[in-house]
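Peer 1: kindly generate the corresponding structure for this input.
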Amino acid sequence: MTWRGSTDTKDRIFAALVYLLPLYSAFAFGIFIFQQIPFLGAALAIALYPLAFLYSSLGTFGSLIIFFVLFFAVVRNPRISHFIRFNTMQAILIDILVYLLGLVLGFVARGGANLVVETLFNVVFLGAFAACVYSIIQSVIGKYADIPTISEAAYSQVGG
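Peer 2: From the prediction side, this is the model:
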């Protein structure tokens, strides 16, 4: 999907980096997959360590602070390129979706059905992981990542 002109390298890097936020949020859901593929867990933990440090240094409301900073300082700032604003909004939406699914799964996990809980955790992690990796790749090559419904919602928030 291409809504705007070409992007420079700086825009591509910043647009790709924001997808580490939903990946960090989804990391906890990968617990069962990391038991099967320890290398994946270790590689993600290393890649997400700077973000984990940032969150822990901001305290209890670190994720909320980062959300408001990104939303008001990046998404709502017309001086920042459309490519970065769109990708930031899309990453925020993926992060919100992962958070909401986490709330729902918190109730399901209390029920104790281990196979169901494990499957749902895997689905949330793999879905978020696939969306983030796809979006990072698309951002690095300078294209808009088209994720059904999420991209449309992001575009409606950023505008044309």
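Peer 1: so how far is the helix or strand encompassing Gln90 off the chain centroid?
Peer 2: If you go by DSSP states H and E, Gln90 is part of helix 82-111. For helix 82-111, the separation from the chain centroid amounts to 7 Å (computed by C-alpha atoms, centre = their mean, to the nearest Å).
Peer 1: following the chain onward from that helix, which element is next?
Peer 2: For helix 82-111, the following helix or strand on the C-terminal side (DSSP H and E) is helix 114-140.
Peer 1: may I see the buried residues of that following helix?
Peer 2: Of the residues in helix 114-140, 117, 120-122, 124-125, 127-129, 131-132, 135-136, 138-139 count as buried by neighbour count, 16 or more other C-beta atoms under 10 Å. Just so you know, the C-beta spots here come from the backbone N, C-alpha and C atoms, and that holds for glycine as well.
Peer 1: could you do stretch 90-110 as well?
Peer 2: Of all the residues in stretch 90-110, those buried under the rule 16+ other C-beta under 10 Å are Gln90, Ala91, Ile92, Leu93, Ile94, Asp95, Leu97, Val98, Leu101, Gly102, Leu105, Ala109.
Peer 1: and the closest residue to the fifth one other than its chain neighbours, how far from Asn87?
Peer 2: I take that to be Ile94. Nearest residue to Ile94 in three dimensions, chain neighbours excluded: Pro22, at 4.0 Å (C-beta to C-beta, 6 or more residues apart in numbering). Relative to Asn87, Pro22 is positioned 11 Å away (C-beta to C-beta, to the nearest Å).
Peer 1: so which of the two has more stuff around it?
Peer 2: Here Pro22 and Asn87 are set side by side on neighbour count (other C-beta atoms under 10 Å), and the busier one is Asn87, at 30 against 24.
Peer 1: how about that one, what does it touch?
Peer 2: When the contact criterion is C-beta atoms under 8 Å, 6 or more residues apart in numbering, the partners of Asn87 are Ala15, Ala16, Val18, Tyr19, Ser135, Ser139, Tyr144, Ala145.
Peer 1: from the residues you listed, pick the one nearest Arg79.
Peer 2: For those, the minimum distance to Arg79 (C-beta to C-beta) is 15.6 Å, reached by Ala15.
Peer 1: pLDDT value on the residue nearest the centre of the chain, please?
Peer 2: Closest to where the C-alpha atoms of the chain average out (C-alpha atoms, centre = their mean) is Pro22, at 2.3 Å. We have a pLDDT of 96 for Pro22.
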